[in-house]
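[1] My questions are about this predicted structure, shown below with the sequence.
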Amino acid sequence: MMAGAAAIGLSLLHPLTGATAELKKQYWATSLTRSVDNGLLQGLYKAVARGEVGWLDVDAAKSIPRLEPGINLILYHVGGNCYIGEDCERFPASEPTNDRWDEGERIIDLNDAAARKIVIEDLVALVRKADEVAPVHAIVGAHLDNVHRLGAQGLADLFNDFLKAVEAARRRGLVSGARAVGYVAKNNPEAFKQALDRKLLDARPLYQINENARLSQDGTLDRDSRAAQQIGRRYCLPVFLKTFGSDVAYATEQDGDEVKIYVSKEMTRRMAQLPDISGAAWSADERRYQPTIFVQGSPVPQAPLPSGQCRGE
């Protein structure tokens, strides 16, 4: 087994000896702008009490809610962006985002080795923090944002280097020897799928998030969400869709006028029931990344087939 792969823990990498695996529902409680919604937290506690897999995915700068056995802890990093001010000043260069985040963030180049090294050092610090507070048998990991500008090889370089840095910290006694550590695949599902298909990654992601998910008028998922579905189906990964009430799903015509149909709570519930979707979370607006609804979806096999895939295709 490669050194980087060891970081994620045998429980996530060991292949099956047969063709079946235990199926488990997943529960994803997240918030990146403020505390996790209490309704989602209570749902998380109930899910792990039922023996389901729980994921608490939060910004380490915010307070971390009470953790129970069965809850895995994922800590957020802004990733391919930096925060304007002292944070951006650490990097060799940065550029305007030219989008809604322009007032507070700038873009950094994760293909640049010097920039990537700084980010990986941050991620290892997050892993150490999570390792200190997470339940003994919990998985801990990093939720790295803004990796949508990377191709398959860039993703592999970044996350393989991260896992190797975690192993180096483990050897120095800075991370618990038995702690399973991993990372989250955030958006960019086509590139993540290429990296997995080409076996560029030393370890599979813990799960895939796809933001701005929506349904067309005929009930079809958007292209990126369908790509995420394929990852879940092929690699036994949980797939969580993130929806926003401020996103337009599609437009119709009524009395000669265009009518915009926004992504609703009900649409989000429908997404969660689609095949190979582990759940969907809805927020009223993208700037307030605090979901108030999470709907569980399909259970996930707990290990891949010997081919590394979930099912033959």
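    Done, it's in.
[2] which SS state does Phe240 fall under?
    For Phe240, the assignment made with DSSP: H, G, I helix; E, B strand; the rest coil gives strand.
[3] quick one: it from Ala169, how far?
    To Ala169, Phe240 is 27 Å away according to C-beta to C-beta, to the nearest Å. For the C-beta atoms, the positions are set from N, CA and C on the backbone; glycine is no exception.
[4] Give the residue from the two that has the larger number of neighbours.
    Phe240 (28 against 18; other C-beta atoms under 10 Å).
[5] ok, now which ones touch the more buried one?
    By C-beta atoms under 8 Å, 6 or more residues apart in numbering, the contact list for Phe240 reads Gln26, Trp28, Tyr207, Gln208, Ile209, Asn210, Ile277, Ser278, Gly279, Ala280, Ala281.
[6] among the residues you listed, which two are most distant?
    Gln26 and Asn210 (14.5 Å; C-beta to C-beta).
[7] who has more neighbours, these two?
    Asn210 (27 against 21).
[8] is it fair to say the more buried one lies in a strand?
    Yes - under three-state DSSP, Asn210 sits within a strand.
[9] Please report the number of neighbouring residues for the residue nearest to it when sequence neighbours are not counted.
    Leaving aside its sequence neighbours, Asn210 sits nearest to Ala228 (C-beta to C-beta, 6 or more residues apart in numbering; 4.2 Å). If you count neighbours by other C-beta under 10 Å, Ala228 ends up with 30.
[10] Give me the helices and strands touching the host helix or strand of Gln194, please.
    Per DSSP states H and E: Gln194 is located in helix 189-197. Judged by 3 or more C-beta pairs under 8 Å, 6 or more residues apart in numbering; DSSP states H and E, helix 189-197 is in contact with helix 152-171, strand 208-211, helix 223-235.
[11] follow-up on the earlier one: does the residue nearest to Asn210 really touch Val239, like I thought?
    Yes - counting by C-beta atoms under 8 Å, Ala228 touches Val239, with 4.9 Å between them.
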